[in-house]
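*Asks:* Compute the structure for the input listed below.
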Amino acid sequence: MPPPIHPSGSPIRIILLASVLKPLDDTRMYGKFACTLARRPATTVHVAGRQASSVPTTPANVHLHTLLTGTRMSWARLGAQRRYWQLLQRLRPDLVVVHAPELLPLTLLWQRLAPYRRFLYDIRENYALNVSTQRVYGGFTRRWLAAGLRWVEAWAARHAAGLILAEESYAQELPFLKALPPSRVVTLENKYQPAAGEVPRTEPRPLPAVHEPLRLLYSGTVSELNGIHQALKLTEELHHQRPGGALLTVIGFCQQPDLLRTLQQLQQTNPPWLRLLVHGATPVAHSAIVAEIQRSHVGLLLYQPHPSSERCRPTKLFEYLAHGLPMLIPFNPLWEAYIRRYEAGLVVDLHSIPEAATSLLAVTELPATTKPVFYPIGIPDDAFWASEGIKLGRLVDSIG
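*Replies:* Next up is the predicted model:
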């Protein structure tokens, strides 16, 4: 199939994917979008983002550009805007995929200077809801910033060639979507895309014998809202109850300085049940997280109930499913549907950590049988990105 014809008269051959804060090896922008689009014939893909802790080996037609080398709260973010504008002028992309709302104003200006230019907006979060409910900013700043985000997103939605939603729930949550035809909006969930050369598991990971340590995993953003304290309490409880003990690996990044200090102080006491792989706000290479998933026995998704996450499916839900890793999750109908459908873990009460530990302990002490305790019908195909990649290709094909 020939590439779609751009309204300017030339085919879509140069695609720019851009974010300020997402690292160049970001699992969605690079691992899923860039690697999928790079398979299109006669196409060159450029990825612009934050400096990554490790630079991935890219296909010959994928090029990386650093927009930000400083911290997320530094003045370097203004320089990132300048570098983004320079990239737009130098690369002259046929299509831009914007992965961050702060790049929308310059993208809209770029389009206004030549109306045939096309861009897609990838809505990765309900940004206005997050800002207004997570209390990272003060009251007045929070309201002003949330209103500004919603305004610029609504403005961009009217001019974008298409909108991409990372969560199905955004279709109901974002009011500006109601004015758009359904054909311009597509949901692409954060399902798992194996890295180049990675051989996905075909069988779930077996649980260890009772005299062996039970390896628990907490990966991704380390925060109180995401249940780090519950993960620590649960592991300590299990370690004292289980003959082989338990070991919690915490790997990810932490943007809360007080919480980071608390974790580092805990680590200095050398608890035998904790392994901390957190280096402040610096993003962790996704390959390192995948390596920990592959050596763990149970993944923890102990999110606290909150409006910003209760209607979302976390990326690590799909990562754990794709690796056949059993999970512990709180009560959440959206997540429970996956857990119960594939018998992929346990639903626990976050208000009773000892009870949760007892439930997990009972499962790990079951006698070995020919039928796995978890994932008895195998690892679900529904956890993988392939289906979403097809939808992304169709969306790009429809432009022009």
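*Asks:* Next up, phi/psi of A18, please.
*Replies:* Torsion angles at A18 (phi, psi; degrees, to the nearest 10) stand at phi -140, psi 140.
*Asks:* how about the helices of the stretch 201-350 of the chain, start to end?
*Replies:* 228-241, 257-268, 286-295, 315-322, 333-342 (DSSP state H, counting those that start in this stretch).
*Asks:* which residues of the protein fall in strands?
*Replies:* In the chain, strands defined by DSSP state E lie at 14-23, 44-50, 62-68, 95-98, 118-123, 162-165, 185-187, 214-221, 246-253, 274-278, 298-300, 327-329, 345-347, listed in chain order.
*Asks:* Adding distance to R261 and mean pLDDT, write those out as TSV.
*Replies:* (C-beta placed from N, C-alpha, C; glycine too.) Compiled in TSV, the strands of the chain are given as follows (distance: least, CB to CB, whole Å; pLDDT from 0 to 100):
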stretch	distance to R261	mean pLDDT
strand 14-23	23	95
strand 44-50	24	96
strand 62-68	25	95
strand 95-98	35	98
strand 118-123	34	97
strand 162-165	37	97
strand 185-187	39	96
strand 214-221	17	96
strand 246-253	14	96
strand 274-278	11	96
strand 298-300	22	98
strand 327-329	27	97
strand 345-347	31	96
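*Asks:* any weak-confidence spans in the stretch 301-400 of the chain?
*Replies:* For the stretch 301-400 of the chain, the stretches with pLDDT under 70 are 368-371, 400.
*Asks:* closest to A156 out of the strands of the chain?
*Replies:* Judged by CB to CB, the one of the strands of the chain that comes nearest to A156 is strand 118-123, at 5.4 Å.
*Asks:* check contacts around the residue most central in space within the chain.
*Replies:* Nearest to the mean C-alpha position of the chain, by CA atoms, centre = their mean, lies T315 at 4.4 Å. Residues in contact with T315 (CB atoms under 8 Å, 6 or more residues apart in numbering) are T27, R28, N190, G220.
*Asks:* And the furthest pair within the residues you listed?
*Replies:* The largest distance within those, taken as CB to CB, falls between R28 and G220 and amounts to 12.9 Å.
*Asks:* between these two, which one's more packed in?
*Replies:* It is R28, of R28 and G220, that has more neighbours when counted by other CB atoms under 10 Å, with 21 against 18.
*Asks:* as a whole number, average confidence for the longest helix anywhere in the chain?
*Replies:* Criterion DSSP state H: the longest helix present in the chain is helix 139-159. Average pLDDT, helix 139-159: 84.
*Asks:* export that helix as CSV, just CAs?
*Replies:* Taking Å, rounded to 0.1, in the frame of the first residue of the first chain, the C-alpha atoms of helix 139-159 are listed here in CSV:
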residue,chain,number,x,y,z
GLY,A,139,-4.9,26.2,45.4
PHE,A,140,-4.9,29.2,43.0
THR,A,141,-2.1,27.8,40.9
ARG,A,142,-3.8,24.5,40.7
ARG,A,143,-7.1,26.0,39.4
TRP,A,144,-5.3,28.3,37.0
LEU,A,145,-3.1,25.6,35.6
ALA,A,146,-6.0,23.1,35.2
ALA,A,147,-8.1,25.6,33.4
GLY,A,148,-5.2,26.5,31.1
LEU,A,149,-4.6,22.9,30.2
ARG,A,150,-8.2,22.2,29.4
TRP,A,151,-8.4,25.4,27.2
VAL,A,152,-5.3,24.6,25.2
GLU,A,153,-6.3,21.0,24.7
ALA,A,154,-9.8,22.0,23.5
TRP,A,155,-8.1,24.5,21.1
ALA,A,156,-5.8,21.8,19.8
ALA,A,157,-8.6,19.3,19.4
ARG,A,158,-10.4,21.5,16.9
HIS,A,159,-7.3,21.7,14.7
